[in-house]
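Q: just to be clear, the model below is a prediction. Sequence and coordinates:
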Amino acid sequence: MSAPDPRLPSRTFGSVSVAMVTPFRADGSVDIDAAVAVAAGLVEDGCDALVLNGTTGESPTTHQPEKDDLVRAVVGAVGERAMIIAGAGSNDTAHAVRIAQGAQHSGAAGLLVVSPYYNRPSQEGVYQHIRAVADATDLPVMVYDIPGRTGVAVGDECLDRLAAHPRILAVKDATGDVPAGFERMARTGLEFYSGDDGLNFDWLAHGASGVVSVVGHVAAGAYAEMVREVDAGDLPGARDVAARLRPLVAGLMGGGQGAVMAKHALHLLGRIPSPAVRLPLVPATAAEVDALADLLRAEGLLAA
């Protein structure tokens, strides 16, 4: 096997990951069979990693037995072909620890740990929370920094301290601040992953290891192409891919809720039986679904 190219970023968590929805049946129960089918399809489309039980997977409204069952099933189906990363997010540290341990026991190969939301702890509290989850298993950890959802950012000093932890290896950055991330990447040595589909090209062009995408539910192959173009030094080619994907990014992420719109897209494409979500999320309106269907047809993804 040839040695890795030293000019390319390290990729503990793969290069193209989808933050996967958790399919539900019409009665609201988790549809494991549909989840396995979605996961297999995404891997065939070009993903080398999947995030389960993250925000797009409606983690606030799924419970640990369901989370563990989902991880176990997807690992069994595609775990030899893609890295399965499990979300371990909670604003209760003890709960996040239990989720992480359950994920490891169920076969996950990595963890995504978001900063604690709503209760807005101090930076010391953010550090102690993420460190406690990282200490709870043997799995590599990706820190998720998304202050627009959590109400608290992972500050520079906090991130520097977390970077010293032997299992904290990466950041999923959804701050919208690529220049700051570029500096943090260089300073900490952590792998950075784009957490914002509208900025995937920008992050990759600045040396990010990969993307964790919602739009990848319908564009995994295109994002894999973008990564290949950047790796080859063909930034114009990668920029062309980004331009091509702009309508899908706007359609899935621009006006609606990503998890909701991704489920409707998968349902329109016949990949899940139901677009059901759990409250407080609600389905898209009929007008939104019609607009999404028009977009998928225009992009050649849905038959006219």
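A: Looks like it came in fine.

Q: residue 6 and residue 286, how far apart?
A: Applying CB to CB, to the nearest Å, the value for residue 6 to residue 286 is 53 Å. Any C-beta I mention is one placed from the backbone N, CA and C, and that applies to glycine too.

Q: what does residue 30 give?
A: Going from residue 30 to residue 286 by CB to CB gives 26 Å.

Q: per-residue confidence at residue 7?
A: Note for residue 7: predicted pLDDT of 78.

Q: what do you get for residue 256?
A: So, for residue 256, pLDDT stands at 69.

Q: quick one: low-confidence ranges for the stretch 1-150 of the chain?
A: Applying pLDDT under 70 to the stretch 1-150 of the chain flags the ranges 1-4.

Q: now do the strands in it.
A: Per DSSP state E, counting those that start in this stretch, the stretch 1-150 of the chain has strands spanning 16-19, 49-52, 83-87, 110-114, 141-145. These are given in chain order.

Q: and the ones you listed as JSON lines, adding mean neighbour count?
A: Listed next are the strands of the stretch 1-150 of the chain as JSON lines, based on neighbours: other CB atoms under 10 Å:
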{"stretch": "strand 16-19", "mean neighbour count": "30"}
{"stretch": "strand 49-52", "mean neighbour count": "28"}
{"stretch": "strand 83-87", "mean neighbour count": "28"}
{"stretch": "strand 110-114", "mean neighbour count": "27"}
{"stretch": "strand 141-145", "mean neighbour count": "27"}
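
Q: next, format those strands as JSON lines and append distance to residue 213.
A: Converted to JSON lines, the strands of the stretch 1-150 of the chain look like this (distance: least, CB to CB, whole Å):
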{"stretch": "strand 16-19", "distance to residue 213": "6"}
{"stretch": "strand 49-52", "distance to residue 213": "9"}
{"stretch": "strand 83-87", "distance to residue 213": "13"}
{"stretch": "strand 110-114", "distance to residue 213": "13"}
{"stretch": "strand 141-145", "distance to residue 213": "14"}
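
Q: tell me where the chain has helices.
A: Ranges of helices in the chain, per DSSP state H, are 32-45, 64-78, 93-105, 123-135, 147-150, 156-163, 178-188, 200-205, 216-231, 235-249, 258-268, 286-298.

Q: between the ones you listed, which one is closest to residue 54.
A: In terms of CB to CB, the element of the helices of the chain nearest to residue 54 is helix 258-268, at 9.3 Å.

Q: which elements pack onto that closest one?
A: When contacts are defined as 3 or more CB pairs under 8 Å, 6 or more residues apart in numbering; DSSP states H and E, helix 258-268 sits against helix 216-231, helix 286-298.

Q: which among those helices is found nearest to residue 203?
A: helix 216-231 (9.7 Å).

Q: quick one, that closest one and helix 258-268 angle?
A: 100 degrees (axes from the mean of the first three to the mean of the last three CA atoms, to 10 degrees).

Q: show me what counts as buried in helix 216-231.
A: Along helix 216-231, these residues count as buried under the neighbour rule (16 or more other CB atoms under 10 Å): 216-220, 222-230.

Q: what's the burial count for residue 124?
A: 11 (other CB atoms under 10 Å).

Q: same question, the one 4 residues further on
A: The number of residues packed near residue 128 is 15, by other CB under 10 Å.

Q: also residue 261?
A: 25.

Q: hang on, isn't it packed against residue 292?
A: Yes: counting by CB atoms under 8 Å, residue 261 does reach residue 292; the two are 6.4 Å apart.

Q: tell me the residues that contact both of the two, please.
A: Counting by CB atoms under 8 Å, 6 or more residues apart in numbering, the contacts common to residue 261 and residue 292 are 251, 252, 284.

Q: these two touch, right, the last one and residue 292?
A: Yes: under the criterion of CB under 8 Å, residue 284 is in contact with residue 292, at a separation of 7.1 Å.

Q: so what sits against both of those two?
A: With CB under 8 Å, 6+ apart as the test, residue 284 and residue 292 both reach 261, 264.

Q: rewinding a little: compare the strands of the stretch 1-150 of the chain and give me the one nearest residue 304.
A: Per CB to CB, nearest to residue 304 of the strands of the stretch 1-150 of the chain: strand 16-19, 26.2 Å.

Q: just checking: what are the partner strands of the closest one?
A: When sheet partners are counted by DSSP bridges, strand 16-19 sits next to strand 49-52 (parallel), strand 210-213 (parallel).
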